[in-house]
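Undergrad: could you work out the structure for the sequence below:
(one chain, ligands or ions: 1)
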Amino acid sequence: MLRDRGLLPSDPVPCRNDLGTAAQRYFYQTGHAVEVGVHQGRLSKIFTSRWNGTYDMIDPWRGPAFGYTATDQQKCTARCNQGKSGTNDDTDWIPFWKHIRSTGQCSEACNSNTSANVVDVPNMRIAKQNIAKAKDRATLVRKMSHEAAPQYPDGYFDFIYLDAVHTKDGLLDDMRIWYSKLRCGGMFAGDDWGDRARDTDFMTREKSQRLYGGAPDWGVTSAATEFARSVGVQLMVTHAGGLGHAWECRKVPSWYLVKS
Ligand SMILES: C[S@@+](CC[C@H](N)C(=O)[O-])C[C@H]1O[C@@H](n2cnc3c(N)ncnc32)[C@H](O)[C@@H]1O
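TA: Model (predicted):
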């Protein structure tokens, strides 16, 4: 067992939801946790029901339309005018597109030069509702990851969960920025273990493709593996995937490690 070998203070963590329980039970020291990439705050709701410390939620809440090329822009505007998602039909984004349509912001939201000005009001509101029970200790921080990180001192957090950028280089950048904000012995984790570039024992390229649809350069496995090697710590992955587990566990594993 990892615990017996001193790699982890707890038993191996089966599901991403259990990372909140493990954080509270085995990592609580400074009393601060952060989730980077929050969207509707579904996971924030689960984590704040298990974690009793402060909980910062970082997300720009600006919608998925960054980086549209000229051709995409037309397609995006057309779909937005029908109240549909601009990139795919991911139901989580429907409230955003309906709102943008009703406020007449389709052209602005679908233009890469102006999309940053368009606030994802509906999903931010849903996130706020989702942490209502923890509102005295949970804070929505409407910033990009790299803008938010410098506001915290080094070693501030017991627990950091990354679920924002999922490309290899983007995630590696996030990992480097946020790792310094974690105390030694704190838990570093993130979602969506999988990779477009290579198969691993438990997540094939084919499965990643199926799960993540159109995302062209998913590189969570590569980033997490490379990062863990660079800092010389053991990388672990949640292992519950079978029927009988919550859908969050069945969908994809989360990675996690303990800062040494
Ligand atoms: C997969 S969703 C997060 C889901 C959430 N963690 C959960 O499990 O319920 C990804 C979120 O990351 C946000 N995001 C994307 N790039 C980001 C960045 N550079 N900084 C902060 N948030 C980012 C998006 O706005 C989106 O809401």
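Undergrad: am I right that Met57 is in a strand?
TA: Yes - counting by DSSP: H, G, I helix; E, B strand; the rest coil, Met57 is located in a strand.
Undergrad: for the closest residue in space to it that isn't next to it in sequence, grab the count of nearby residues.
TA: Distances taken as CB to CB, 6 or more residues apart in numbering put Val38 closest to Met57, at 4.3 Å, once the chain neighbours are dropped. C-beta coordinates here come from the backbone N, C-alpha and C atoms, glycine included. Counted by other CB atoms under 10 Å, the residues lying close to Val38 total 27.
Undergrad: need the pLDDT of Val38.
TA: Note on Val38: pLDDT of 96.
Undergrad: three-state assignment of it?
TA: coil.
Undergrad: which residues does the nearest residue to Ala148 once chain neighbours are set aside bridge with?
TA: Spatial nearest neighbour of Ala148, excluding adjacent residues (CB to CB, 6+ apart): Ile58 at 4.5 Å. Beta-bridge pairing of Ile58 under DSSP bridges involves Val36, Val141.
Undergrad: touching, Cys76 and Glu108? I think so.
TA: No - with contact defined as CB atoms under 8 Å, Cys76 does not count as touching Glu108 (11.0 Å).
Undergrad: more neighbours: which of these two?
TA: Taking neighbours as other CB under 10 Å, Cys76 and Glu108 compare with Cys76 leading, 26 against 18.
Undergrad: tell me how far Phe209 lies from the ligand.
TA: Quick fix: residue 209 is Gln, not Phe. From Gln209 across to the ligand, the span is 17 Å (CB to the nearest ligand atom, to the nearest Å).
Undergrad: show me what contacts that residue?
TA: Residues near Gln209 by CB atoms under 8 Å, 6 or more residues apart in numbering: Arg196.
Undergrad: that's a helix at it, yeah?
TA: Yes - under three-state DSSP, Gln209 falls within a helix.
Undergrad: nearest spatial neighbour of Arg25, chain-adjacent residues omitted?
TA: Ser10 (6.7 Å).
Undergrad: hmm, back to that, what about the residue nearest to Ala148, neighbour count?
TA: Neighbour count for Ile58, taken as other CB under 10 Å: 24.
Undergrad: one more: Asn52?
TA: Applying other CB under 10 Å, I find that Asn52 has 14 neighbouring residues.
Undergrad: rewinding a little: pretty sure the residue nearest to Met57 contacts Ser44?
TA: Yes - the pair Val38 / Ser44 is scored as a contact, 5.8 Å apart, by CB under 8 Å.
Undergrad: joint contacts of these two?
TA: Shared contacts of Val38 and Ser44 (CB under 8 Å, 6+ apart): 57, 127.
Undergrad: for Gly104, what are phi and psi?
TA: With angles defined as degrees, to the nearest 10, Gly104 sits at phi 70, psi 30.
Undergrad: quick check: the gap between it and the ligand.
TA: On the measure of CB to the nearest ligand atom, Gly104 and the ligand end up 22 Å apart.
Undergrad: and that residue, what pLDDT?
TA: For Gly104, the model assigns a pLDDT of 93.
Undergrad: before we move on, what about the one 4 residues further on?
TA: At Glu108 the predicted local distance difference test score is 90.
Undergrad: confirm that it sits in a helix.
TA: Yes - counting by three-state DSSP, Glu108 is found in a helix.
Undergrad: would you confirm that Pro14 contacts Val237?
TA: No - Pro14 is beyond contact range of Val237, at 10.6 Å (criterion: CB under 8 Å).
Undergrad: looking at these two, which is more packed in?
TA: Legend: neighbour count by other CB under 10 Å for Pro14 and Val237, higher for Val237 (20 against 16).
Undergrad: contact partners for the more buried one?
TA: Contacts for Val237 were tallied using CB under 8 Å, 6+ apart; they are 193, 202, 253-256.
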